[in-house]
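Undergrad: Structure, please.
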Amino acid sequence: MRPEIPSPDSSPEPDTDAAAAPAVRKRAPRRPGKPDAVLAAAVAEARAGLLEVVSEDEVGNYLGAAADAERVVTHRFSSLRPGYRGWYWYATVARMPRSKKVTVSEVGLLPSDEALLAPEWVPWSDRLRPEDIAAEQEQQAQEQRAQEQADQEQAEAEQAGRDDNGQQDEAGENQAGEQHAEATGAQEDE
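TA: Below is the predicted model of the structure:
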């Protein structure tokens, strides 16, 4: 029996070709197991890289290393910085393939599980309680009453000032009239 050779003008059915082709498996990303030996031994280089940004008295004991990826390791040191109890310094080191030269990629300060952290941020609308609103409304009402009272006292003072001025004007006119009458009466007597 001879194998069948497809002719150039006949096209194969797409379903039969797809079923015959082997399924391509995607490789799962490689998880780092144990740290690279050269990078795991680079504790002195990691500490030196860390000391370029912080003072020596803020960096404590070596806590360990963890592999982040292939040829990438993060070294951890305890933090002695005031106010950062429970935090740790880290220095991430890396190297090129087939190279023994270690490079410090990143340094920083991270909290551990026992570190004191600020509470998670809550929007103001969720933080506002009914008693907070009531207290604010009461304060606004007191301010409004005080302002109304001050306005009323000012209006009364202005009114009293006008009344006093009006009485003084009338009294001044009466005095001027009497003086005028006296003067004219004295002239009439002569």
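Undergrad: Kindly list the longest strand within this structure.
TA: Longest strand in the chain by number of residues (criterion: DSSP state E): strand 59-69.
Undergrad: could you say what helices and strands it packs with?
TA: helix 37-40, helix 43-51, strand 72-79, strand 87-94 (3 or more Cβ pairs under 8 Å, 6 or more residues apart in numbering; DSSP states H and E). Heads up, the C-betas are built off the backbone N, CA and C, glycines and all.
Undergrad: repeat that for 7 Å
TA: helix 43-51, strand 72-79, strand 87-94 (3 or more Cβ pairs under 7 Å, 6 or more residues apart in numbering; DSSP states H and E).
Undergrad: got any ranges where this structure has weak pLDDT?
TA: For the chain, applying pLDDT under 70 flags the ranges 1-33, 164-190.
Undergrad: Helices of this structure, residue ranges please.
TA: With DSSP state H applied, the chain shows helices at 14-20, 37-40, 43-51, 124-127, 130-189, listed in chain order.
Undergrad: right, and Gly86 touches Leu110 too?
TA: No: using Cβ atoms under 7 Å, Gly86 is not in contact with Leu110, being 10.4 Å away.
Undergrad: first to last residue in stretch 65-80, what's the distance?
TA: Stretch 65-80 has an end-to-end distance of 19 Å (Cα to Cα, to the nearest Å).
Undergrad: now what about that stretch, what contacts it?
TA: 30, 32, 34-36, 39-40, 43, 46-47, 50, 57-64, 87-95, 97, 109 (Cβ atoms under 7 Å, 6 or more residues apart in numbering).
Undergrad: one step back: mean neighbour count and distance to Trp121 added to the helices and strands packed on strand 59-69, as CSV?
TA: Output for those, formatted as CSV (neighbours: other Cβ atoms under 10 Å; distance: least, Cβ to Cβ, whole Å):
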stretch, mean neighbour count, distance to Trp121
helix 43-51, 17, 30
strand 72-79, 22, 24
strand 87-94, 22, 20
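Undergrad: Would you quantify the distance from Glu143 to Pro130?
TA: 20 Å (Cβ to Cβ, to the nearest Å).
Undergrad: Likewise for Arg71?
TA: Taking Cβ to Cβ, one finds Arg71 at 58 Å from Pro130.
Undergrad: which of these two has more neighbours?
TA: Taking neighbours as other Cβ atoms under 10 Å, Arg71 and Pro130 compare with Arg71 leading, 18 against 7.
Undergrad: Distance of the more buried one relative to Val38?
TA: 8 Å.
Undergrad: Quick check: neighbours shared by those two?
TA: Joint contacts of Arg71 and Val38 (Cβ under 7 Å, 6+ apart) are Arg95.
Undergrad: Just the endpoints, please. Distance across stretch 81-96?
TA: End to end - Cα to Cα - stretch 81-96 spans 33 Å.
Undergrad: coming back round to it: list the buried residues in the longest strand of the chain.
TA: Val59, Ala65, Ala66, Ala67, Asp68 (16 or more other Cβ atoms under 10 Å).
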